[in-house]
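J.: Pasting a predicted model and its sequence here:
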Amino acid sequence: MELLHKIDEEKLAQAKNGQGFIAALDQSGGSTPKALLGYGVDESFYTVNGVKDESKMFDLVHEMRTRVIKSPEFNGKKIMGAILFEQTMERKIDGLYTSEYLWNVKHVVPFLKCDKGLEEEHNGVRLMKDIPNLDETLEKAVKHGVFGTKMRSVINHYNEEGIKAIVDQQFKVGLQIARHGLVPILEPETTITSEDREKSEQLLHDLFIEHLNKLDDNVKIMIKVSIPVNPRLYDDIITNSHVVRVVALSGGYSQEVANEKLKHIKGLIASFSRALLENLKYQQSEEEFNKTIGKSIDNIYSASVDKVL
């Protein structure tokens, strides 16, 4: 594939070999109120005369993310990368764009959530909605020093046609992203409560292999999956030459349960969002906040690095 830009080799080295996990700080419009509520900020904080003020809501969530990122506990020693959403990428921390602050100050590799949400369920899955102006967004990301992207779709039930459509879409958009010299994280989540989840994950694995075998030599991707039922399922994908890293979402598990499952899977690291932030509160003092996030980071890091096999 002819690339519009070279992949950033320094960031690639950290993404591939760096110790630690990915902090998913990419809640967008739909999930922001829930994220703020978990942080102790209810709708009254951004409601004026009975009307929700979306700009105030995004100001508050940026303040939350800034507090997380600026914490002395949050750095490249235990956090390999962080996923942002577009509005966060375009905002600043201490005069630097967030993605630039992450890399230049914290030495954390920046990623951008680029999907625009999910279609309604069809054939047991929820595909991604169309992503308008994607090439324009990707060029903006390159200018901000972003290394890669992330996009999510969901498998609710086993259905061959549906799962094939999910993987086809992820790789099609992934190749469009890779052309810009960015490394896409493909995220086809499998719902952890699905009765036929293990069967879905096996088909997902097989379709991944099919697509990986067709990639040009210079194409690099990452994959984000639910913590698999079969702990050895993704072994051959983790070691595939096209795959920079395979990471896992917490997927509805508590941090404690997700960590316990993750630490038994060789080569799989965390990319947690809710599970990372679950005990942080707006009302906490800086000392209490930093102690709480430090404990979460230590525990997730340990599950990602200190494996019990």
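T.: Okay, I see it.
J.: secondary structure class for Met151?
T.: Following DSSP: H, G, I helix; E, B strand; the rest coil, the label given to Met151 is strand.
J.: A helix includes Met168, no?
T.: No Met there; residue 168 is Asp. Yes - according to three-state DSSP, the state of Asp168 is that of a helix.
J.: distance of it from Asp26?
T.: With the distance defined as C-beta to C-beta, to the nearest Å, Asp168 ends up 23 Å from Asp26. Placement of C-beta: from N, CA and C, glycine included.
J.: neighbour count winner among those two?
T.: Remark: of Asp168 and Asp26, Asp26 carries more neighbours, 24 against 13, as counted by other C-beta atoms under 10 Å.
J.: and the gap between that one and Leu4?
T.: 24 Å.
J.: what about the helices in the stretch 101-250 of the chain?
T.: 134-143, 160-178, 197-212, 235-238 (DSSP state H, counting those that start in this stretch).
J.: how about those, which one is nearest Cys114?
T.: Of all those, helix 134-143 sits nearest to Cys114, with 6.1 Å by C-beta to C-beta.
J.: Give me the helices and strands touching the closest one, please.
T.: Under the contact criterion of 3 or more C-beta pairs under 8 Å, 6 or more residues apart in numbering; DSSP states H and E, helix 134-143 touches helix 86-89, helix 160-178.
J.: Can you lay out those as CSV showing distance to Ser304 and mean pLDDT?
T.: Listed next are the helices and strands packed on helix 134-143 as CSV, based on distance: least, C-beta to C-beta, whole Å; pLDDT from 0 to 100:
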stretch, distance to Ser304, mean pLDDT
helix 86-89, 23, 89
helix 160-178, 23, 98
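J.: mind checking the SS state of His264?
T.: coil.
J.: try Phe74
T.: coil.
J.: Would you agree it is in contact with Phe21?
T.: No - applying C-beta atoms under 8 Å as the test, Phe74 and Phe21 come out as separate, 11.7 Å apart.
J.: and these two? which has more neighbours close in?
T.: Under the neighbour definition other C-beta under 10 Å, Phe74 and Phe21 were set side by side, and Phe21 has more, 27 against 23.
J.: Look up how far Ile155 lies from that one.
T.: For Phe21 relative to Ile155 (C-beta to C-beta), the value is 23 Å.
J.: do the same with Gly95
T.: Gly95 is 42 Å from Ile155, by C-beta to C-beta.
J.: So for the two, which residue has more residues nearby?
T.: Applying other C-beta under 10 Å to Gly95 and Ile155 shows that Ile155 carries more neighbours, namely 26 against 7.
J.: Can you tell me, leaving aside adjacent residues, what's nearest to the more buried one?
T.: Nearest residue to Ile155 in three dimensions, chain neighbours excluded: Thr190, at 4.7 Å (C-beta to C-beta, 6 or more residues apart in numbering).
J.: Surely the one you found and Glu198 touch.
T.: No - contact between Thr190 and Glu198 fails when scored by C-beta under 8 Å: they sit 9.1 Å apart.
J.: Looking at those two, which is more packed in?
T.: Thr190 (28 against 14).
J.: any idea how far Leu175 is from that one?
T.: 23 Å.
J.: quick one: the strands in the protein?
T.: For the chain, the strands defined by DSSP state E occupy 21-25, 47-48, 51-52, 79-85, 92-93, 96-97, 109-113, 125-126, 148-155, 183-190, 221-226, 243-249, 269-272.
J.: any idea of the mean pLDDT in the last one?
T.: Strand 269-272 shows a mean pLDDT of 95 in the predicted model.
J.: Could you shift the numbering so residue one becomes 24, and keep it that way?
T.: Okay, using 24 as the starting number, the last item reads as strand 292-295.
J.: contacts for it?
T.: Applying C-beta atoms under 8 Å, 6 or more residues apart in numbering, the set of residues contacting strand 292-295 from outside is 43-47, 103, 106, 208, 247, 268-273, 278, 281-282, 285, 323, 326-328.
J.: Give the PyMOL command for selecting the buried subset of these.
T.: Buried members of the contacts of strand 292-295, defined by 16 or more other C-beta atoms under 10 Å, are picked up in PyMOL with:
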select buried, resi 43+44+45+46+47+103+106+208+247+268+269+270+271+272+273+278+281+282+285+323+326+327
